[in-house]
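> need coordinates for the following:
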Amino acid sequence: MAGIVKGVVIVGAKRTVVGSFGGRLKDQSACDLLVTSNKAAMVAANVQPEMIDTVNVGNVLTYSSADGIFLARHVSIKSGIPIEKPALQVNRLCGSGFQAVINGVHDVLNGSAKVSLTGGTENMSQAPFIIRNIRFGTQLGVSYPAEDSLWVGLTDTYCNLSMAMTAEKLGSQCNISKEDANEFALRSQMSWKAAYENGRFKEELVPIEVKGKKGPEVIAIDEHPKPHTTMEGLKKLKAVFKENGLVTAGTASGINDGAGTIIVASEKAASEYNLKPLARIVAYSTVGVDPSIMGIGPVPAIEKVLSVSGLTMDQMDLIEVTFDSSLLKTFITLLD
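Numbering: from 1, shown residues only. Got it, this is the predicted structure:
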């Protein structure tokens, strides 16, 4: 699926700090996290809650909090958006937040909305342990094990591979070495460090207040990045999922907590409400790939969106692709 987009702009964009697994944001529900970024995005964009016509939320771990099933609706109401405005929750796995933005774009294009609030949120730290098959009684002497819903969620039962093992398989197919993965991981950490030191995240980032040992504390910097990473340190890390494999604690995708908001509007609405466009949405693309090498997905998706838009990689000033370092190296190799 791909589409050309005309007349839709981004008028607001904010994100929370990114928390580490079991870190400072572990007690902030997915709903709370997104409400925080929503309110900040609306204030920064000078968008009043009543201007919002639709709400689209991306979320995968709906069971991470008691209100997970009602997440989109609760996020909307708690963000101050009028109760009669509809909200929709979508799950496209790692691309759920992106899909929420696309849904908001669709709302604008088909006339359902002048302005749509979109975003994504997860608190992976709050993924619960589950005991199955006890609803209708238990049997004496039978042990009913607790299932880690997070780990189960990170394993595709269709191909019987964890996400890490799909990375190992893809890396092997593309002849990516551990050295390649380490180099890209280090590059990523240093890029974040440089961006942070240069204040590149200042306008997009929303600090979060959490409970501290001596009262409220404000978290104003991403918790997950490791700016003191060195190549020597990366080389010492052992592969976790496969002997002599690629995926280590230093090259794997993070398990994180956080949320982000993007407000999209028609160009006409932006003018009507006197909103400042931050960017124009040109095109989008989604594709399906072999689940056992799921991380290759961005490659055909990028190729497809370039094709429908008539653009080339040479015209791109900035490319952002989110996955672990072994896969990122693969993307660059295949798109070179």
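
> alpha carbons only for contacts and neighbour counts from here, please
OK.

> quick check: residue 260 is in a strand.
Yes - looking at residue 260 with DSSP: H, G, I helix; E, B strand; the rest coil, it is inside a strand.

> from memory it sits against residue 16, does it?
Yes - using CA atoms under 8 Å, residue 260 is in contact with residue 16, at 6.2 Å.

> between the two, what contacts are shared?
Common neighbours of residue 260 and residue 16, using CA atoms under 8 Å, 6 or more residues apart in numbering, are 34, 37.

> just the CA atoms of the lengthiest helix in the chain, as PDB, please.
Ranked by residue count, the top helix of the chain under DSSP state H comes out as helix 178-197. Extracted C-alpha coordinates of helix 178-197, given in PDB (Å, rounded to 0.1, in the frame of the first residue of the first chain):
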ATOM      1  CA  LYS A 178      29.600  -8.500  14.300                       C
ATOM      2  CA  GLU A 179      32.200  -5.800  13.600                       C
ATOM      3  CA  ASP A 180      29.800  -4.200  11.100                       C
ATOM      4  CA  ALA A 181      27.100  -4.200  13.800                       C
ATOM      5  CA  ASN A 182      29.400  -2.800  16.400                       C
ATOM      6  CA  GLU A 183      30.500   0.000  14.100                       C
ATOM      7  CA  PHE A 184      27.000   1.000  13.400                       C
ATOM      8  CA  ALA A 185      25.900   0.800  17.000                       C
ATOM      9  CA  LEU A 186      28.800   3.100  18.000                       C
ATOM     10  CA  ARG A 187      27.900   5.500  15.200                       C
ATOM     11  CA  SER A 188      24.300   5.600  16.400                       C
ATOM     12  CA  GLN A 189      25.300   6.400  20.000                       C
ATOM     13  CA  MET A 190      27.800   9.100  18.900                       C
ATOM     14  CA  SER A 191      25.200  10.600  16.600                       C
ATOM     15  CA  TRP A 192      22.700  10.800  19.500                       C
ATOM     16  CA  LYS A 193      25.400  12.400  21.700                       C
ATOM     17  CA  ALA A 194      26.300  15.000  19.200                       C
ATOM     18  CA  ALA A 195      22.600  15.800  18.500                       C
ATOM     19  CA  TYR A 196      22.000  16.200  22.300                       C
ATOM     20  CA  GLU A 197      25.000  18.300  22.900                       C
END
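
> how far away from the center of its chain is that helix?
Taking CA atoms, centre = their mean, to the nearest Å, one finds the center of helix 178-197 at 19 Å from the center of the full chain.

> continuing past that helix, what's the next helix or strand?
Past helix 178-197, further along toward the C-terminus, the next helix or strand under DSSP states H and E is strand 205-206.

> packing partners of that following strand?
Packing partners of strand 205-206 (3 or more CA pairs under 8 Å, 6 or more residues apart in numbering; DSSP states H and E): strand 8-16, helix 30-45.

> adding distance to residue 176, mean neighbour count and mean pLDDT, write those out as JSON lines.
Below are the helices and strands packed on strand 205-206 laid out as JSON lines (distance: least, CA to CA, whole Å; neighbours: other CA atoms under 10 Å; pLDDT from 0 to 100):
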{"stretch": "strand 8-16", "distance to residue 176": "32", "mean neighbour count": "26", "mean pLDDT": "98"}
{"stretch": "helix 30-45", "distance to residue 176": "35", "mean neighbour count": "24", "mean pLDDT": "98"}
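
> okay if I get those as JSON lines plus distance to residue 230?
Converted to JSON lines, those look like this (distance: least, CA to CA, whole Å):
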{"stretch": "strand 8-16", "distance to residue 230": "27"}
{"stretch": "helix 30-45", "distance to residue 230": "31"}
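
> quick one: which of those is nearest residue 53?
The closest approach between residue 53 and any of those, judged by CA to CA, belongs to helix 30-45 at 13.2 Å.

> list the buried residues in the next helix or strand after that closest one.
Reading on from helix 30-45 to the C-terminus, the next helix or strand found by DSSP H and E is strand 54-58. Residues 54-58 are the ones in strand 54-58 that count as buried (16 or more other CA atoms under 10 Å).

> cool, and stretch 208-227?
Counting neighbours by 16+ other CA under 10 Å, stretch 208-227 gives 208, 210, 219, 221-225 as buried.

> thanks a lot, see you next time.
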